[in-house]
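Trainee: give me the fold of what follows.
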Amino acid sequence: MSDHHLHHLMNLIQSGQIYGSFAYMKSLPLDIAIPNRQKLFAELEEKVLRAKTLVREVNSHLEKCDYPRALTYLITAQKMVADYPNIQTDIDFIDSTMRDLDNNLLAAEKAASQGDEYAVQALLLEVAKVDRLNEAIPLIQEKLDKSLKNKRVKKIAFASLAALIPLFYLTFEIYSFSKANTQYSHATESVCKHDYQNSHLLMVKALDSLKQVRILNQQGKEKLLICINDMQTSTTFKQGIAGKVLHDGVYIPKKIHTQKLEIAELEKLAQAQALQQDHSACVATYKKALDIALHAPDVHNATIVSLKEHISHYESRINSQQQQEFRSQFLALMDKGDRLMEEGKWLEAKEQYDQNLIFAEEKVLINLTSLRDSIVQAQGIANVQIILDEAQLLEANQQTVKAIARYELAMALAAESDLQNHPFLADSRSHLASLQDQQISDRFVNLENEADRFFARKMYESAQLKYEQGLQLLTQQEDTDQQRSDISRLNKKVKHAARLTLVANKQQVVLAQYKGILLDNFNLSPNTYFHKPQITLVSDKGSYFIFKISALGSRSKASARRGTKYEVEYKYSLGNDTLAINLSPAGHTRNHRS
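Mentor: All right, here's what the predicted structure looks like:
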């Protein structure tokens, strides 16, 4: 069961799931054995807490409309804890908001240069929803005012030429339209300040002023009416009238928003106090934040859980400080056990650690994982050392095979106890490597000698196999001049044996065909009786062999004693694996008496 939990935890860590690993370790019972559990948990907790701190800083930057810094904090947190909940969603939201902000500012600046007042107001309203204090807003407004001033001058000049329309009425309509436009501008400014009630009153006044505009500026009036309607029907305005504000991409009651800001400030203060090691003040500050969060537990549920975790964490630290006296005594006992370990007194060290464990449990000391790990390590070292002593005795008695087996068993036990990198194994590992190398050398010499014996008996295929086995052993040795020399020598022997094996195989092929070859070359009767056939290698030309084919032939088996010896040389091409080119077409015969 413990192996299953450990395997799952290692998979989470190796896949980069820091938050998942932290949550999983936190959920595991304390009796589940995990190597270096305390240290691993502390490292994961530190990363998660740092990520949480960065994420909470984001809200204050969003309030200030500092989107680049908010995005930087989120990306930094994601690099620390890639699987932090909803962090990619928040990054995408802020990135999209920044793009929309830039596009709206560019469009507003273009509209301002064209004197399109209503388009500018609509675009600046969208900008103000995101960044009401953006420094580009007054510059765009100034550009718009200049364009409008030029337009108004032209309109006034045009109006003075309209002799049929009373000057007073024209002036009144112009005044009413200008008043409505000013009231709408002030309404948008109120929205930027989250003063939605005042914005609503100003838009009502603007609508009343527009009722007086009946003849002139009808197109402008329609545009302004559309802008006012768009603002009044926008989600931000409706939510603002309802007493809600945008927070992390969601509209929440202003009261809750204020609570969140207060909690964030208190958390920031508590973290600063924790860094100064003022844990009592830190706990008090976290409790103040908790009191605020408990006013709306359903909304602040996750925050309440986090605050309680921090309070519990730092209260534990305070309690640990109260145990300092016991801990000092405990550390002195631990030092005694460590000295026994350094002196190689493995079993005595284990007994000391057992006593330390009893002391720690009596004094209710926390964080005993390290002590238990030390006890397990001492026991593991003792077990391994016993086997190493046996191996060294076998090595001294030149029982190499048995010594290697004990050394390998010791190394396996060390790996099971996570001791494979412990310094006390260094000499033993060197002894094992030396014995294994000597064993390989002995096996190599035996294989080469066996192969040479096969070669001497013309068992070339068996010789080749043994040479190749010797080469495989050599590749397991350290790269030295001697090893390279041995490999070079064996490679030559392998090639030689392989060539002679090939010659023997091709001789068998020719032997199977010799009768037909002799009959064809000497135009003999199919009933000719052949005996004592011989296939002799005349020459090895690399790409082909020259074989001499010879046999005694007679008219019958009974007359074989006075037969004729027939000989012919043939070229055997290795390229197409065929006999070709009779090198002595006339052949050669001579009488022979058996």
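
Trainee: for stretch 127-134, the averaged confidence score.
Mentor: Mean per-residue pLDDT for stretch 127-134: 69.

Trainee: could you pull out the helices for the stretch 101-250 of the chain?
Mentor: Remark: helices assigned in the stretch 101-250 of the chain by DSSP state H, counting those that start in this stretch are 117-130, 136-161, 167-192, 196-210, 218-233, 235-241.

Trainee: winner for burial among those helices?
Mentor: For the helices of the stretch 101-250 of the chain, average neighbour numbers computed from mean count of other C-beta atoms under 10 Å are highest in helix 117-130, which has a mean of 22. For every residue, glycine as well, the C-beta is placed using N, CA and C.

Trainee: so, low pLDDT: which residues of the stretch 151-300 of the chain?
Mentor: Residues of the stretch 151-300 of the chain meeting the criterion pLDDT under 70: 152-170, 245-249.

Trainee: again, but for the stretch 401-550 of the chain
Mentor: Residue ranges of the stretch 401-550 of the chain with pLDDT under 70: 424, 436, 438-440, 444.

Trainee: can you count the residues close to Ile87?
Mentor: For Ile87, the count of nearby residues is 20 (other C-beta atoms under 10 Å).

Trainee: repeat that for Ile358.
Mentor: For Ile358, using other C-beta under 10 Å, the count is 9.

Trainee: nearest to Tyr566, of the helices of the stretch 101-250 of the chain?
Mentor: helix 117-130 (107.7 Å; C-beta to C-beta).

Trainee: which residues touch that closest one?
Mentor: The contact list for helix 117-130 (C-beta atoms under 8 Å, 6 or more residues apart in numbering) reads 65, 67, 97, 100-101, 104-105, 107-108, 111-112, 134, 136-137, 140-141, 144, 148, 181, 184-185, 188-189, 191-192, 220, 223-224, 226-227, 230-231, 234, 236, 246.

Trainee: kindly recompute the last result at 6 Å.
Mentor: 97, 101, 104, 107-108, 111-112, 134, 137, 144, 148, 188, 192, 223-224, 227, 236 (C-beta atoms under 6 Å, 6 or more residues apart in numbering).

Trainee: check the offset of that helix from the chain's centre.
Mentor: Distance of helix 117-130 from the chain centroid (C-alpha atoms, centre = their mean, to the nearest Å) equals 44 Å.

Trainee: stretch 17-34 now?
Mentor: For stretch 17-34, the distance to the chain centre is 20 Å (C-alpha atoms, centre = their mean).

Trainee: and stretch 449-468, end to end?
Mentor: In stretch 449-468, first residue to last residue: 13 Å (C-alpha to C-alpha, to the nearest Å).

Trainee: same check on stretch 28-44?
Mentor: One end of stretch 28-44 to the other measures 14 Å (C-alpha to C-alpha).

Trainee: for it, buried residues please.
Mentor: Within stretch 28-44, the residues that count as buried by 16 or more other C-beta atoms under 10 Å are 28, 34, 37, 40-41, 44.

Trainee: same check on stretch 269-278?
Mentor: 269-271, 273-274.

Trainee: do stretch 386-396 as well
Mentor: Residues 387-388, 390-392, 394-395 are the ones in stretch 386-396 that count as buried (16+ other C-beta under 10 Å).

Trainee: report the two of those separated the most.
Mentor: The largest distance within the buried residues of stretch 386-396, taken as C-beta to C-beta, falls between Ile387 and Glu395 and amounts to 12.5 Å.

Trainee: tally of neighbours for the residue lying closest to Ser554 once chain neighbours are set aside?
Mentor: Closest residue to Ser554 apart from its sequence neighbours, by C-beta to C-beta, 6 or more residues apart in numbering: Gly563 at 3.7 Å. Using other C-beta under 10 Å as the criterion, Gly563 is surrounded by 23 other residues.

Trainee: try the one 5 residues further on
Mentor: Number of residues near Val568 (other C-beta under 10 Å) recorded here: 23.

Trainee: which SS class is it?
Mentor: The local conformation at Val568, judged by DSSP: H, G, I helix; E, B strand; the rest coil, is strand.

Trainee: would you list the helices of the stretch 101-250 of the chain in a markdown table and tack on distance to Ala498?
Mentor: Listed next are the helices of the stretch 101-250 of the chain as a markdown table, based on distance: least, C-beta to C-beta, whole Å:
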| stretch | distance to Ala498 |
| --- | --- |
| helix 117-130 | 80 |
| helix 136-161 | 84 |
| helix 167-192 | 90 |
| helix 196-210 | 94 |
| helix 218-233 | 90 |
| helix 235-241 | 85 |
